[in-house]
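S.K.: any chance you can model this:
(one chain, ligands or ions: 1)
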Amino acid sequence: MADDLREPVTVAITGASGAQYGLRLIEALVAADHAVWVMISKAAHLVITTETGVDLPARPQRLAEALTERCGAVAGQIRCFGREDWMAPVASGSGAPSAMVICPCSTGTLSAVATGASNNLIERAADVTLKERRRLILVPRETPLSAIHLEHMLTLTRMGAVILPAAPGFYHQPQRIDDLVDFIVARILNQLGIEHRLMPRWGG
Ligand SMILES: Cc1cc2nc3c(=O)[nH]c(=O)nc-3n(C[C@H](O)[C@H](O)[C@H](O)COP(=O)(O)O)c2cc1C
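M.R.: Purely as a prediction, here's the structure:
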């Protein structure tokens, strides 16, 4: 039952490469019994299809049903919100969860969050998370980085956000792409203080 769940975490998937990171993060949060509030940008839908072959519905209710089935979530564990769903709880400090992850984070969304654009619900939710001094983790994937990207990352870091680049290590001798994906998802869960068994901790 959704009532027994741990506190919600907001997950936004934007149109950077690395859709697998975001989808795996949602799975891991579901497995950890957290409620997950999801937003997927229009560009991210295209990237998800391109990179994974998964065709997720655009409408929030249908998207929630599809993710619930895919992740084996209980009814109500995953909620989805649309691009201009300004009445969603994530749009206000009184309703937003204590943590939000943008994974992967496009340089476009990175820029919008750094400048407070709030032109869509993902940007607004991130703005709310920052103003409320809650946990905001951004997982950018771009290479090489321009001065604009680096300046936005520095601005956000100085505001208390965590920049966690999608740059997996190789010292755990990954055998499969999933091992690389789990490396990053484990780092995000560590930041959120959520127990997991995706990767052993260094020295553990
Ligand atoms: C297949 C594909 C891969 C992309 N990869 C990246 C990427 O790695 N990093 C990035 O910042 N943008 C990437 N883009 C471009 C973004 O999707 C684009 O800038 C978009 O406007 C971002 O919008 P959003 O932030 O609302 O999702 C990619 C686009 C496509 C179609």
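S.K.: which strands and helices sit next to the longest helix seen in the chain?
M.R.: Using DSSP state H to define each element, the chain has its longest helix at helix 177-192. If you count contacts as 3 or more CB pairs under 8 Å, 6 or more residues apart in numbering; DSSP states H and E, helix 177-192 packs onto helix 19-31, strand 99-105, strand 135-140. C-beta: built from backbone N, CA, C; applies to glycine.
S.K.: how about a cut-off of 6 Å?
M.R.: helix 19-31 (3 or more CB pairs under 6 Å, 6 or more residues apart in numbering; DSSP states H and E).
S.K.: quick check: closest non-adjacent residue to the residue of the chain found nearest the ligand.
M.R.: The nearest approach of the chain to the ligand comes at G15, 2.6 Å away (CB to the nearest ligand atom). Distances taken as CB to CB, 6 or more residues apart in numbering place A43 nearest to G15, at 2.6 Å, with adjacent residues excluded.
S.K.: okay, and the one you found sits in which element?
M.R.: helix 42-52 (DSSP states H and E).
S.K.: could you do V113 as well?
M.R.: Assigned by DSSP H and E, V113 falls within helix 107-115.
S.K.: can I get that helix as CSV, trimmed to CA atoms?
M.R.: Output of helix 107-115 as CSV, limited to C-alpha atoms (Å, rounded to 0.1, in the frame of the first residue of the first chain):
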residue,chain,number,x,y,z
THR,A,107,22.9,21.4,-20.2
GLY,A,108,19.7,23.2,-21.2
THR,A,109,17.9,22.3,-17.9
LEU,A,110,21.2,22.9,-16.0
SER,A,111,21.2,26.5,-17.4
ALA,A,112,17.6,27.1,-16.6
VAL,A,113,18.0,25.9,-13.0
ALA,A,114,21.1,28.0,-12.5
THR,A,115,19.3,31.1,-13.7
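S.K.: low-scoring stretches of this protein, by residue?
M.R.: Scanning the chain for pLDDT under 70 picks out 1-2, 204.
S.K.: close to the ligand: what parts of it are there?
M.R.: Applying CB under 6 Å from any ligand atom, we find that the chain lies next to the ligand at 14-17, 41, 43-44, 46-47, 50, 106-109, 141-142.
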